[in-house]
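**Q** Just a sequence and a predicted model for now, questions to come.
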Amino acid sequence: MIALALGALLAQSPPPEASLEAAVAELVNEYRESAGFARLRLEEEISAIARERSRRMAAGLTPLGHNGFSLRAQAARLAIGPISRISENTARNRGYANPAQRAFDGWLISPTHRKNLDGDFLVTGVGMARSTQGEFFLTQIFVAPRLKATRPPAPPRAHPASAPPPRP
């Protein structure tokens with residue numbers, strides 16, 4: 001009975017990587033707010049794509065970096081619809097008390113990664129995985145959905161019954 005209750009409790013508890021993912025998203029949003037940028041909306045569909053990328057790096061199936069980025073961009077389009085821009089940051093670290101903070105700090109001092117942090121994006125996804133050697137791999141995807149063009153409404157058309165009578 002106790003084993004079943006413990007198993008159920010463990011099944012409900014998110015893995016530690018999930019709290020690190022949330023911490024990265026919050027660090028980035030706090031930074032963006034302080035710099036005058038809009039907060040990013042965290043989307044689970046995009047996080048799932050980022051998480052899979054981090055898992056593949058942690059498993060040694062792909063190197064740290066942006067290999068296969070076009071496939072992740074395509075997956076993001078399928079997940080949330082048309083996009084105008086997409087970018088990503090990746091990181092790897094080991095032996096730090098706060099892997100989320102370490103990744104964020106590294107991105108902040110890198111001009112290329114900072115450009116993504118400061119970008120005109122609206123949506124993000126964050127994925128983290130830990131290797132069997134204890135290294136943390138992190139991917140954050142930044143997305144600018146394509147906004148539908150809006151036109152001002154057309155002026156109302158006169159209904160024939162309400163049109164003024166023709167002039168003689």
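**A** Everything's here; your move. Residues are numbered from 1 along each chain as shown.

**Q** How about the secondary structure of the nearest residue to residue 42 once chain neighbours are set aside?
**A** Nearest residue to residue 42 in three dimensions, chain neighbours excluded: residue 25, at 4.9 Å (CB to CB, 6 or more residues apart in numbering). Glycine gets a C-beta too; all of them are placed from N, C-alpha and C. Under DSSP: H, G, I helix; E, B strand; the rest coil, the three-state class of residue 25 is helix.

**Q** I figured residue 25 hits residue 126, correct?
**A** Yes. Shown here, residue 25 and residue 126 form a contact pair, counting by CB atoms under 8 Å, at 5.0 Å.

**Q** Can you pick out the residue with more neighbours from those two?
**A** residue 126 (30 against 20; other CB atoms under 10 Å).

**Q** That one belongs to a strand?
**A** Yes. The assignment for residue 126 is a strand, going by three-state DSSP.

**Q** ok, residue 66 - contacts?
**A** 88, 90 (CB atoms under 8 Å, 6 or more residues apart in numbering).

**Q** Three-state assignment for it, please.
**A** Going by three-state DSSP: residue 66 is coil.

**Q** what's it sitting at in phi/psi?
**A** phi -120, psi 20 (degrees, to the nearest 10).

**Q** Following the strand or helix carrying residue 87 in sequence, what is the next regular element?
**A** Using DSSP states H and E, residue 87 maps to strand 83-93. As assigned by DSSP H and E, the chain's next helix or strand after strand 83-93 is helix 99-109.

**Q** Report the inter-axis angle for that next one versus strand 83-93.
**A** 120 degrees (axes from the mean of the first three to the mean of the last three CA atoms, to 10 degrees).

**Q** For the next helix or strand after helix 99-109, enumerate the helices and strands it packs against.
**A** Counting by DSSP H and E, the next helix or strand C-terminal to helix 99-109 is helix 111-117. Secondary-structure packing of helix 111-117 (3 or more CB pairs under 8 Å, 6 or more residues apart in numbering; DSSP states H and E): helix 16-34, strand 83-93, helix 99-109.
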